[in-house]
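requesting a structural model of the entry that follows:
(2 chains)
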There are 2 protein chains.
Amino acid sequence: MNKPLRIGVAGLGTVGVGVVKILSERAEFLSAASGRPWKLVAVSARDASKDRGIDLTGVRWESDACALADADDIDVVVELIGGSEGVARDLVEAALSNGKHVVTANKALIARHGIALARIAEQKAVSLNYEAAVAGGIPIIKALREGLAANEISSVAGILNGTCNYILTEMEATGRDFADVLKDAQALGYAEADPSFDVGGIDAAHKLAILASLAFGQEVSFDDVEIEGIENITAADIKFASEFGYKIKLLGIATRGVGGIDQRVHPTLVPTGSPLAAVSGVFNAVAIEGDRVGQLVLEGRGAGEGPTASAVLSDIVDVARGLVMPPFIVPTDHLKAPSRANVERRSSPYYLRFNAADRAGSMAEITRALADASVSIERIVQRSEGRGKSDGRLPVVFLTHETDEGSMRMALKHLSKLEDVAGKPLVIRIEDSGSR
Amino acid sequence: MNKPLRIGVAGLGTVGVGVVKILSERAEFLSAASGRPWKLVAVSARDASKDRGIDLTGVRWESDACALADADDIDVVVELIGGSEGVARDLVEAALSNGKHVVTANKALIARHGIALARIAEQKAVSLNYEAAVAGGIPIIKALREGLAANEISSVAGILNGTCNYILTEMEATGRDFADVLKDAQALGYAEADPSFDVGGIDAAHKLAILASLAFGQEVSFDDVEIEGIENITAADIKFASEFGYKIKLLGIATRGVGGIDQRVHPTLVPTGSPLAAVSGVFNAVAIEGDRVGQLVLEGRGAGEGPTASAVLSDIVDVARGLVMPPFIVPTDHLKAPSRANVERRSSPYYLRFNAADRAGSMAEITRALADASVSIERIVQRSEGRGKSDGRLPVVFLTHETDEGSMRMALKHLSKLEDVAGKPLVIRIEDSGSR
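Model prediction:
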């Protein structure tokens, strides 16, 4: 039998515990699958006394995670601490620099420092694997790094945050509003006490930045992701969308735009019946368009102990089998510099909702404002049932024809000057990417 | 730069031509992704004079495919000839025996001789990669061999034949019958002149046998797959199913049954709204249940030049990157011997349709026959609109509660003795596997 693979795990939260469990329960299989025994040599976590329900007999405990990076008896460091800076970053950097393979579930770290870390990994000819960082148990990194290497990718669109998808699904099912459902999600453990990372779209943006780099062969560039969360979506919007034949999903979308790569996370109307519209609850899904493969959709659980640990283990299997590849498919010096599409030139149909005075002439003014900005209307819906909630004003919803973003901004400027329009209109893009 | 990867391609049909195109168009990228240049050294096909729209300047032409297996200047043989015996088998066997890596799209070959070939590959420490053999462009083999290695799989269920799915989708959309739609599919090139391999379920069974082996760690055993095609499905069945909230799909299903692995390909009622029900036209999809990952669904194009060539290329990328693994995840001597579940003990709800005499007492006799076999009825539908077509008899449809297969066989025996029941009932299993 070949040399054992010696593993160090940093971070024993939910996922870390899941990883340690699989290492022990599937030891024989994993060893057969990779042609060498696996050995958990050391772990590191904050509290050594806590009972985590796992047997760590014979496993060294390091109070300083970075000691794993220096240990002579460790081949692969599994980083499950989290956060783009601090210990997690120091550990991964040191481990790679010391010629150790790294497996991580840390999306923030890869989204912000992935390229710098990949450079070290390439120099040292070791692996930097991060399957668990995006979409939990869905093998999406493997699909892009390996499975689709023959393809030019034209678009990646995904439901990348289970918390948001759970909230939107619940809002749709129950007709309740955002704040209300969020509270429930927090009680159920589906949302954090501070939910802003999830519902604000940051988490999805971290994942999208990673996918975009793999899909388009350019350096990961989180700062170029345009981000909008789901906080302003109301139950009424979901109902309107449904009447029009759409569902509202928080999508991360990356495409080739005018002048660069277009990366954005925002609520989106997707056609009912499209694969992404059918993804409900805490599930994640990613739809990829490749020139050879056509559309490929992968759907599964995006978080939780089992799915995330499953992804971490698949990364370790690759290391154990001796596969070392450039972390971003091609060596970093082959990646293009970050680019950003001209968003003014980006175009799509739009959903537009606001409250307007219920008086003769008001609709004429509004439609004139839209027309002056070259925004062409496909459908208008006005409902009296919303009256009263909004000072005698009525909710009005417009679906537009394909409109470029510059025109839409102009239209919003015009609308803001109308006395009959109350507050800031809610604007949601309509996307057919991800539909069959 | 490292040593070039020297490639020989046998078979220049649609897929072979697609592979050669990608080798030339994506050469730079593939070389960067694998750290070594790729070189197409030789090809082999029947007709050297045919214009295939590809440039083969400088590429050696071998009239005998098996010469590729003997050539000193070839590292990987790509077998795209097809068929489980003859040249394809000889070539793959010889190439592996000579220590060359093999990439193949040949499902029949892997379903029938996969284990014997894997033994040779393991002995010689070379790759036997067959991503393109199952579900075209969907990276399902990669998902099972690598991505899900940490999981105990409990079920694999898939739409594995695009021809059948296209026919069923068309029958549903247009209300036309099987024979009619098949003719169109043939004219469009979606079905072969002799369609029996596809519509009879053999092709799907080849693929299922491969997936079942990977999922359950036992030797591939095509002979243990129970196979039923879609030839007896009528437009009326599709309509009835739809009224009950189901779609009819040809599924390949592998599960752990009583006493062994249960492998079967048959028309199946799947709940509308489940991921597999939503898969239409020539698309394929596979739903996997793993103990850690939960449900994972992969959907994409199952055939055609682009998707299949994309899969072949991903297999070559793995070879180029130096990944060599046991073809069936673990070495063949770790695989369990083929086993076959006791089908009498398999159970599911059933859809049952036949024509029955429209007379007083007939339904009493039928329901008595079912009750005597312990088959419990969930729903009965009888329609007068079918009268006349069937000699005054009316179509009757039953949905049963969960019933084991032994009881259903007994029920069918009882029904066959009733004068009021005409012909052989159509029996379709109802499966919730693949539903969320």
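
what about the helix or strand harbouring A:Glu122, distance to the chain center?
Taking DSSP states H and E as the criterion, A:Glu122 maps to helix A:107-124. Here helix A:107-124 is found 18 Å from its chain centre; the criterion is Cα atoms, centre = their mean, to the nearest Å.

model confidence over that helix, on average?
Average pLDDT, helix A:107-124: 98.

what element comes up after that helix heading to the C-terminus?
With elements assigned by DSSP H and E, the helix or strand that comes after helix A:107-124 is strand A:128-129.

sheet-wise, list the partners of that next one with their directions.
Sheet pairing of strand A:128-129 (DSSP bridges) gives strand A:101-104 (parallel).

enumerate the positions of the strand it pairs with that are buried.
Residues A:His101, A:Val102, A:Val103, A:Thr104 are the ones in strand A:101-104 that count as buried (16 or more other Cβ atoms under 10 Å in any protein chain shown). Any C-beta I mention is one placed from the backbone N, CA and C, and that applies to glycine too.

just put those in TSV and tack on pLDDT.
Putting the buried residues of strand A:101-104 into TSV (pLDDT from 0 to 100) gives the following:
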residue	pLDDT
A:His101	98
A:Val102	98
A:Val103	98
A:Thr104	98
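
could you dump the residues you listed into a markdown table with distance to A:Arg60 added?
Output for those, formatted as a markdown table (distance: Cβ to Cβ, whole Å):
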| residue | distance to A:Arg60 |
| --- | --- |
| A:His101 | 19 |
| A:Val102 | 19 |
| A:Val103 | 19 |
| A:Thr104 | 20 |
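
does the helix holding A:Glu122 reach chain B?
No: using Cβ under 8 Å from any Cβ of the partner chain, helix A:107-124 stays clear of chain B, with a minimum separation of 9.8 Å.

and stretch A:29-48, how far apart are its ends?
29 Å (Cα to Cα, to the nearest Å).

give me the distance from it to the chain's centre.
Centroid separation between stretch A:29-48 and its chain, computed with Cα atoms, centre = their mean, is 28 Å.

what do you get for stretch A:319-336?
Stretch A:319-336 sits 22 Å away from the centroid of its parent chain (Cα atoms, centre = their mean).

now do stretch A:302-312
Relative to the chain's own centre, stretch A:302-312 is displaced by 15 Å; criterion: Cα atoms, centre = their mean.

report whether it contacts chain B.
Yes: contact of stretch A:302-312 with chain B (Cβ under 8 Å from any Cβ) involves A:Gly304, A:Gly306, A:Pro307, A:Ala309, A:Ser310, A:Ala311.

what mean pLDDT does stretch A:272-279 have?
Per-residue scores along stretch A:272-279 average to 92.

and if you look at stretch A:160-173?
Per-residue pLDDT over stretch A:160-173 has a mean of 97.

out of the buried residues of strand A:101-104, the closest to chain B would be?
A:Val103 (12.2 Å; Cβ to the nearest Cβ).

I figured that closest one hits A:Ile316, correct?
Yes: in this structure A:Val103 lies within contact range of A:Ile316 using Cβ atoms under 8 Å: 5.6 Å.

shared neighbours, these two?
A:Val76, A:Val78, A:Asn129 (Cβ atoms under 8 Å, 6 or more residues apart in numbering or on different chains).

now the residue of chain A positioned farthest from its centre: how far from A:Asp420?
In terms of distance from the mean C-alpha position of chain A, A:Ala360 ranks first, at 45.3 Å (Cα atoms, centre = their mean). For A:Ala360, the distance to A:Asp420 (Cβ to Cβ, to the nearest Å) stands at 11 Å.

what do you get for A:Ser374?
As judged by Cβ to Cβ, A:Ser374 and A:Asp420 stand 21 Å apart.

show me which of the two is the more surrounded one.
More crowded of A:Ser374 and A:Asp420, by other Cβ atoms under 10 Å in any protein chain shown: A:Asp420, with 19 against 13.

now the more buried one: how far from A:Thr367?
Per Cβ to Cβ, A:Asp420 is found 12 Å from A:Thr367.

for A:Tyr166, same thing?
Remark: distance between A:Tyr166 and A:Thr367 (Cβ to Cβ) = 37 Å.

just A:Glu192 next, same as before
As for A:Glu192, its distance to A:Thr367 is 43 Å (criterion: Cβ to Cβ).

please apply the same query to A:Arg36.
For A:Arg36, the distance to A:Thr367 - Cβ to Cβ - is 70 Å.

those two: who's more crowded?
Taking neighbours as other Cβ under 10 Å, A:Arg36 and A:Thr367 compare with A:Arg36 leading, 17 against 14.

got phi/psi on that one?
When read as degrees, to the nearest 10, the backbone of A:Arg36 gives phi -160, psi 150.

how about the residues of the stretch 51-200 of chain A near chain B?
Residues of the stretch 51-200 of chain A found near chain B (Cβ under 8 Å from any Cβ) are A:Glu131, A:Gly137, A:Ile138, A:Pro139, A:Lys142, A:Ala143, A:Glu146, A:Gly147, A:Leu148, A:Ala149, A:Ala150, A:Asn151.

can you pick the most crowded of the residues you listed?
Using other Cβ under 10 Å as the neighbour criterion, A:Gly147 leads these with 35 neighbours.

mind listing the helices for chain A?
For chain A, the helices defined by DSSP state H occupy A:14-25, A:27-34, A:67-70, A:86-97, A:107-124, A:140-142, A:162-174, A:178-187, A:196-199, A:202-216, A:235-243, A:305-320, A:362-372, A:405-416.

do you know which of those lies nearest A:Leu426?
Judged by Cβ to Cβ, the one of those that comes nearest to A:Leu426 is helix A:235-243, at 6.6 Å.

tell me the angle of the closest one relative to helix A:178-187?
For helix A:235-243 against helix A:178-187, the angle by axes from the mean of the first three to the mean of the last three Cα atoms, to 10 degrees is 100 degrees.
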